[in-house]
Each structure stands twice: as structure tokens, then as C-alpha cells.
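> got a predicted model here, sequence first, then my questions.
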Amino acid sequence: MKIFNILFFISFICLGFISCNEEHDFLSTVTPVSGSAKLKVIHAAPDTTGVTLKIDNNIVSGVNTILSATVTNPAVVTFGSFFPLAEYFTVSPGNKKLNVGFATPDPKVTADLSADLNLAANKFYTAYLVGVKPNYSVILGEDVLPPTEAKKTFVKFVNTVSNTPATGYEFLVNNVVVDTKTTITNGQDTFIPLDQDGTGRFTIVVRVKGTTTALSTLSNQNFVRGRVYTVLARGIHGSTSTTQRVTIQSYTNN
């Protein structure tokens, strides 16, 4: 019995060390694509309040990560929100039609905007609804999730502001410029590694390039090492409205 207790204790200690060393391994928890495509949809059109979404004839409920052809009253995805809140939802690969309805919960209403999405198997994507009336569009970007590193946090900076000044926006992390964006760059934004010792915090600022005034600030962000994040700029440049001014927000991709 003593030998059994000693072996159990040693096994318990070893398990503890293994658990501690896996802090960075969050990408292993992302649901495998398994022959399908994975998709997020971001509502970044600042002069609309909410939209309903359909992929082909399947309704995005705003809650579930499984598309449904039977939902009759889908939840509205509001400006600045994304679907789903966590993970990605699964879509069969190939050419898909994203249908967007503005301010209507009725999925039978003709779509106000349609966009073709060409989705490949075993890849992750984000579709951004951008622009202002009447020039709305959907931009599809592939999220190439980087391999995890124990002492790195990865952040992608995306600009969806359609009237961005010609000089572009600078994104600063802890007072250092790490990226500049003039447009959404056709969704081909890449994840940038940031050093992360496990205790550090990040303050992120967006400003017009060549100026010193912050348009929006995310203070003391507790980004976890090994995880992958997107920082999104949205709104209308020059607007003083609390709902439409340029704002940055962050969300995790894993």
C-alpha cells in the first residue's frame, strides 16, 4: 500500500508539471476543421444597427455555431458584434452565398446585400460587413492561425473604417507602433507576435499616422500567452457620435 501511495503521489506531481507547462497550448483546443471550413462574421457597418445573416438557405441564429434551415426568428447581430462569440461556425467548403438583411428579423425577406464566399476545406475565415449606405460590402479574409509559442501572444490588426485618412491609422502596443493600416487590405492581415512573459499587460492605441492624439484606447489588456487575438478598428472617421466614432475592440480567435 505504501508503494501504491508513493507512485500515486509521484504521478500527481508529474501531472501538475504537465498542466503548468501547457499554458500556451490554447490552439490545441480549437475545434478541428475536419474537412470543413470555419467562419466568423463581423458586423462593422457603422450606420446600421443590426443585421440578420444566412449562408445559402441556412439561417445564422446569432447564438448557435450550427447553421439551421428551420430557425424562423433569428437573433440580430448588432453593430460591433460578431458571430459566433467564440469559436467559428462550420460551413461546408465551396462557393457560398452570404445574405445580409438590415434591421429585419424575418429571414424570408429578400436580402439587402449578398456576397459570394469561396471557402476552402480545412481553413479559417472571417467575413467583415463594412461600409456606409449605400456602399456596403463584405470582405472575406483568411485567418491563418499561427503555431503557438510559449512566450508569445499573436495579434492581428484590422481596419474596417471606410473613410480612413490617406495616411492611415497607426496601431501602438505599449507606446510602440506595430502596424499601420489604410484599408482592410482585402482581409489579408497577418498575426504579429508580441513578447509575453505571462504577467505583462498591453495598452493598445489607434491614431492617425503622423499625429499624437489617440482616437481609441484599450487599456491594460490581459492577453494570454499562446493565444491569438484580433484588434478591430470600426466606425466613421471624424464622427463624434458615441456609437459611430472610431473605436477599437479586441476578440480572441481561439
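All right, it came through fine. Computed from a prediction, not measured in an experiment: that's the story for all the values here.

> hmm, I248 and T230 touching each other?
No - using C-beta atoms under 8 Å, T230 makes no contact with I248, being 10.3 Å away. All C-beta spots, glycine's among them, are computed from the backbone N, C-alpha and C.

> in the protein, which spans are helices?
Assigned by DSSP state H, the helices in the chain fall at 2-20.

> residue ranges with poor pLDDT in it?
Low-confidence segments of the chain, defined by pLDDT under 70, are located at 1-34, 61-74, 103-111.

> outline the domain layout of it.
30-143, 144-254 (automatic domain parsing).

> tabulate those (CSV), appending mean neighbour count.
CSV is the format used below for these (neighbours: other C-beta atoms under 10 Å):
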stretch, mean neighbour count
domain 30-143, 17
domain 144-254, 16
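
> which residues touch Q221?
Residues in contact with Q221 (C-beta atoms under 8 Å, 6 or more residues apart in numbering) are 201-204, 250.

> hmm, I was thinking of I184
Contact analysis of I184 by C-beta under 8 Å, 6+ apart lists 128, 130, 139, 141, 158-160.

> can you check L53 too?
41, 59-60, 62, 74, 77, 83, 98-101.

> show me how far stretch 222-230 is from its chain's centre.
How far stretch 222-230 lies from its chain's middle: 12 Å, per C-alpha atoms, centre = their mean, to the nearest Å.

> ranges for the strands of the stretch 151-254 of the chain?
Taking DSSP state E, counting those that start in this stretch, the strands of the stretch 151-254 of the chain run over residues 152-159, 169-173, 176-181, 192-195, 202-208, 216-221, 228-234, 247-252.

> could you give the angle of the second one to strand 202-208?
Between the axis of strand 169-173 and that of strand 202-208 there is an angle of 160 degrees, by axes from the mean of the first three to the mean of the last three C-alpha atoms, to 10 degrees.

> begin at 34 from here
Got it, the first residue is 34 from now on, which makes the last one we talked about strand 202-206.

> one step back: between the contacts of I217, which sits nearest N255?
Nearest to N255, judged by C-beta to C-beta, of the contacts of I217 is V191 at 20.5 Å.

> settle this for me: V124 is touching A154, isn't it.
No - assessed by C-beta under 8 Å, V124 is found out of contact with A154, at 10.1 Å.

> need the residues touching each of the two.
Joint contacts of V124 and A154 (C-beta under 8 Å, 6+ apart) are 69-70.

> show me how far stretch 170-180 is from its chain's centre.
How far stretch 170-180 lies from its chain's middle: 9 Å, per C-alpha atoms, centre = their mean.

> now do stretch 110-127
9 Å.

> quick one: terminal-to-terminal distance for that stretch?
This stretch, stretch 110-127, spans 24 Å end to end (C-alpha to C-alpha, to the nearest Å).

> cool, and stretch 278-287?
28 Å.

> who's in contact with that stretch?
With contacts defined as C-beta under 8 Å, 6+ apart, stretch 278-287 is touched by 59-60, 62-63, 113, 115, 119, 157, 176, 178, 188-189, 194, 202, 204, 237, 239, 248-251, 254, 260-270, 272.

> if we go to 6 Å?
Identification of contacts with stretch 278-287 by C-beta atoms under 6 Å, 6 or more residues apart in numbering yields 59-60, 63, 176, 194, 239, 248-249, 251, 260-266, 268, 270, 272.

> so how far is G83 from G134?
From G134 across to G83, the span is 9 Å (C-beta to C-beta, to the nearest Å).

> what sits against V191?
V191 touches 222, 263, 265, counting by C-beta under 6 Å, 6+ apart.
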